[in-house]
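In: Mind folding the following:
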Amino acid sequence: MTTRLAADVPTADAPAPVAVGPARVVRLRTDLVRVGLGLAVLGVGFLLTQQGEISAVERDAFRLLNDLPGIVLPAVWAVMQLGNVVAVPAVAAVAALLRRFRAARDVLLAGVAAYLAADLVKSIVGRERPGGLPVGAVLHEGPIGGIGFVSGHSAVAAALATALAPYLARRGRRAVWALAWTVALARVYVGAHLPLDVLGGLALGWAIGSAVHLAFGIPRRTVRPARVEELLAAVGLAGTRVRPASVRARSSHPFLGVTPGGRPVYVKYLEPDRAERDWLHRVWRLLSVRDVKDDDAVAPLGHQAEHEAVAAMTAHVRGVRVPEVVVATGTDRHAVVVQELVAGRPLDELGPAEATPELLRAVWEQVALLHSARVAHHDLVAASVLVDGDARPWLVDFGNARTGASDDAMADDVAELLASLAVALDPAPVVDAAVSVLGAERVAAALPSLAPLTLSAETRGRLRQRPQLLGELTDVVRARLGLPDPSRPAWPAPGRMAVAAVAAGCALVLGLLLVESGTAVLETIEDVGWRWLGGAVVFAALARVAAAAAVLATVDRRIAVGRVLGVRAVQDGASLLRGRAGRRRAAERFLESAGVLPEAAARAVRRTTAGTVAGAAAVVVGALAMGLGRPGLGDWQAPGDALRAALIALGAACLVAAGQVLAARGGGLPDRQGVRPLRLVDPPRRWAAQVAWAALATALEAAALACAVQAAGGRAAVLAVAAGYAGLRLLWTALPLTGLPGAAEAALLILLVALGVPFADACAAVLIARALTFWLPAALGTVVAARIPSR
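Out: Numbers count the residues shown, from 1 in each chain. The predicted structure follows:
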């Protein structure tokens, strides 16, 4: 995104400056993601080293490198010194001599921190080097003492590569990372470390280097005007003089210029290292809001320039007021887009008196024309609208545009411009103009996109100064369209007796499982079961993601994944006090707050229930079919040991049910969804996708239960556990009373004991599984649901 003015255009005879000025320092969110990923890899390595055994995979990988002939040792030794702590001041000194003082600072901080952190991790883990382990190590450098995990050389090399990367071109970045990996592999070759040691070191150095960039920022590269003039001469604009433009720009370097014929032009030199080209940035956008924002960012720069020109010319042909494209070309390393210079001001710089209702309607008319051509701007902030001296709006900066755009992409445009204009102006006239031009339906379709993660970084940055504005804008849109407020009362406030009864029931069932589990089971988990416990955590988390994907299949609009995960947690939390009606109502209101219209939210909740039943039934059938003829599936026994505890748990369920009845007294809202039939109005493909995701969620929850059994020291046939759990899930969804806290624990306890799991182990397994799949999400959902006001 860039903005432009007509002032200070260089003349054909004016000398172009040779420098752009001081580099702007930026901080990237992806550096925080890198820190998290690096620490996660380090944590996984730490857990694997605690097994006390070397896996066959690690042993074979070590032998593959360590058995290489000794003739390569001199070359390997030379490269390996780049991971020595002495290399840190040496590299920093070279950077300082080249007047890259920021790079020298980052190298010094990251390298020293990585060296110290590696020593700290070694003192905690205490894993031996290969020479002291039964791996048949060939010690090419002779005996090496000390601790193995993590590799200090690898950590330092990765930290140096990470610190230097922002100051290098793409080839330079590839080179320094190739050297870092060479250092890591060399440490395995000489017999100093096992593969897991160097992977942990690389992850640690990566995280520390990224943390340094996050703390101090990285400079954005500058481009000399002479370089731009050379490119223009190569594409037929020889003699064009340019100078840097004093405008905001994220993904390009803007210049103002004039051709030999005296024609003013605006030149964009495309940024070769824009954030959208970062694969971590794209994965983050895809997971968070299911949108990478710029699908074309990974294409060669020349293709990006041509794509921008095609989008702008397509809009121009359909009557949209856009600057004329003079030339757009480039290679995979550099590209330029040259356009007619618009003599105007960005819309976000106009005051309220200048942004008249007529001008706002004219802006939305341009947006309507753009969308009629099926072109989505995809970065339609107020700064992408220029207003000329005749008060005519122009749409500019089509670098992220999509041709043949979907309805979702065009709704994102509407939401982006609504939010961006609301920052500079009052939301009411902005919404009024949008509705009068676009219509209520298209503005309503933009509601789900009025969320921080969906909006551009430019708009989010401005909204931070007015954190309540986005909520106010959403309220204005709902009021203008006559939509109900999602914060309207969903139920009356519960009485103290209701809360006490539910709390007593929950405490009773959790206390029962804790007492019956016993200390012996806890010791088993501590000794050998922690790995299975980690598996249960992973499977439970993946089950939540799969359930969120099932919910996404029930709505027509794109919603941030975090919001959908919140829907499931809110349902669990609301079901404690409100039962079935509260579970549905809370989910509806939460979806409405995400921008889904009321009727669509109600339909989505009903479809979620139906899909869960169908998915659970599919898992039951699949598990039984896979288990036919296999031992273990038919080995059932009378669950006599569990009956006493099950009766106590059922008593706790009665307390919870009594509390829900008390909470519903005094004018509770009726369960209006219970009598509505569910019709198959969506394509069968969407239903199949929803059922498939729901089935996967059920299967993953069953896997979490199976891991919990193993963690507690019990043994049970996995397919039998899966079939039994899926059957219970089907029952809990179809008949919610059977899934009340206490009743669900009783059913699981009877199931596991019937499958031959010892009673104490079964109690511990049920406690672990239910904590991961219900109690912890319900606690989170209760906090979130508390934001929905009571009467």
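
In: which SS class is Val150?
Out: When classified by DSSP: H, G, I helix; E, B strand; the rest coil, Val150 comes out as coil.

In: Around it, how many other residues sit close by?
Out: 32 (other CB atoms under 10 Å). (Glycine included, C-beta is placed from N, CA and C.)

In: ok, and for the longest helix along the chain, which residues are buried?
Out: Secondary structure assigned by DSSP state H gives helix 561-593 as the longest helix of the chain. Judged by neighbour count (16 or more other CB atoms under 10 Å), helix 561-593 contains these buried residues: 561, 563-593.

In: I'd like the next helix or strand past the lowest-mean-pLDDT helix or strand in the chain.
Out: Here the helix or strand of the chain ranked lowest by mean pLDDT, DSSP states H and E is helix 279-289, holding a mean of 58. As assigned by DSSP states H and E, the chain's next helix or strand after helix 279-289 is helix 301-317.

In: got the angle for the following helix or strand past the longest helix of the chain vs helix 561-593?
Out: Moving toward the C-terminus from helix 561-593, the next helix or strand (DSSP H and E) is helix 598-627. Going by axes from the mean of the first three to the mean of the last three CA atoms, to 10 degrees, helix 598-627 is angled at 140 degrees with respect to helix 561-593.

In: how much distance is there from helix 598-627 to the middle of the chain?
Out: Relative to its chain's centre, helix 598-627 lies at 26 Å (CA atoms, centre = their mean, to the nearest Å).

In: Give the rounded mean pLDDT of that helix.
Out: Helix 598-627 comes out with an average pLDDT of 85.

In: Which is the succeeding secondary structure element to that helix?
Out: Counting by DSSP H and E, what follows helix 598-627 is helix 643-664.

In: residues making contact with that following helix?
Out: The contact list for helix 643-664 (CB atoms under 8 Å, 6 or more residues apart in numbering) reads 491-492, 494-495, 497-506, 508-509, 512, 516, 576-579, 581-582, 639, 737, 740-743, 745-747, 749-750, 759, 763.

In: For stretch 315-326, list the C-alpha coordinates in CSV.
Out: The C-alpha coordinates for stretch 315-326 follow below in CSV (Å, rounded to 0.1, in the frame of the first residue of the first chain):
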residue,chain,number,x,y,z
ALA,A,315,-10.8,-1.9,-13.4
HIS,A,316,-10.2,1.0,-15.8
VAL,A,317,-12.0,-0.7,-18.6
ARG,A,318,-15.0,-1.2,-16.4
GLY,A,319,-15.2,2.5,-15.6
VAL,A,320,-13.3,2.7,-12.3
ARG,A,321,-11.3,5.8,-11.9
VAL,A,322,-7.7,4.5,-11.7
PRO,A,323,-4.3,6.0,-12.8
GLU,A,324,-3.2,5.0,-16.3
VAL,A,325,-0.5,2.3,-16.3
VAL,A,326,2.5,3.4,-18.4
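
In: Which positions in it come out as buried?
Out: Under the neighbour-count rule (16+ other CB under 10 Å), stretch 315-326 has Ala315, His316, Val320, Arg321, Val322, Pro323, Val325, Val326 buried.

In: And those residues, which is closest to Ser151?
Out: Using CB to CB, Val325 is the member of the buried residues of stretch 315-326 that lies nearest Ser151, at 52.7 Å.

In: and the residue lying closest to the closest one once chain neighbours are set aside, how far is that from Pro74?
Out: Spatially, and ignoring its direct neighbours in sequence, Val325 is nearest to Ala309 (4.7 Å; CB to CB, 6 or more residues apart in numbering). Noted for Ala309: a distance of 54 Å to Pro74, by CB to CB, to the nearest Å.

In: higher neighbour count, those two?
Out: Ala309 (19 against 8).

In: quick one: low-confidence ranges for the stretch 651-791 of the chain?
Out: For the stretch 651-791 of the chain, the stretches with pLDDT under 70 are 666-683, 784-791.

In: Show the buried residues in the contacts of helix 643-664.
Out: The neighbour count (16+ other CB under 10 Å) marks 491, 494, 498-499, 501-502, 505-506, 508-509, 512, 516, 576-579, 581-582, 639, 740-743, 745-747, 749-750, 759, 763 as buried among the contacts of helix 643-664.

In: Surely Gly739 is in contact with Trp732?
Out: Yes - contact criterion CB atoms under 8 Å: Gly739 and Trp732 qualify, at 3.0 Å.

In: So for the two, which residues contact both of them?
Out: Between them, Gly739 and Trp732 share no contacting residue, judged by CB under 8 Å, 6+ apart.

In: May I have the phi/psi pair for Pro346?
Out: Taking degrees, to the nearest 10, you get phi -60, psi 140 for the backbone angles of Pro346.

In: As a check, name the ranges of all strands in the stretch 1-150 of the chain.
Out: For the stretch 1-150 of the chain, the strands defined by DSSP state E, counting those that start in this stretch occupy 25-26.

In: and the longest helix of the chain, what does it pack onto?
Out: The helices and strands touching helix 561-593, judged by 3 or more CB pairs under 8 Å, 6 or more residues apart in numbering; DSSP states H and E, are helix 279-289, helix 496-524, helix 530-552, helix 598-627, helix 643-664, helix 776-785.

In: next one: that helix to chain centre, how far?
Out: From the chain centre to the centre of helix 561-593 is a distance of 21 Å (CA atoms, centre = their mean).

In: Make 4 the first number, not 1, from now on.
Out: That works, and once the first residue is 4, the last one we named lands at helix 564-596.

In: That helix versus helix 533-555: what angle between them?
Out: Using the same axes, to 10 degrees: helix 564-596 against helix 533-555 is 40 degrees.

In: What mean pLDDT does helix 564-596 get?
Out: 78.

In: okay, the angle between that helix and helix 779-788?
Out: Angle of helix 564-596 versus helix 779-788, following the same axes, to 10 degrees, is 40 degrees.

In: now helix 564-596 against helix 646-667, angle please.
Out: 40 degrees.

In: packing partners for the one helix or strand Val446 maps to?
Out: For Val446, the element it lies in under DSSP H and E is helix 443-448. Helix 443-448 sits against helix 410-427, helix 430-441, helix 472-484, with contacts defined as 3+ CB pairs under 8 Å, 6+ apart.
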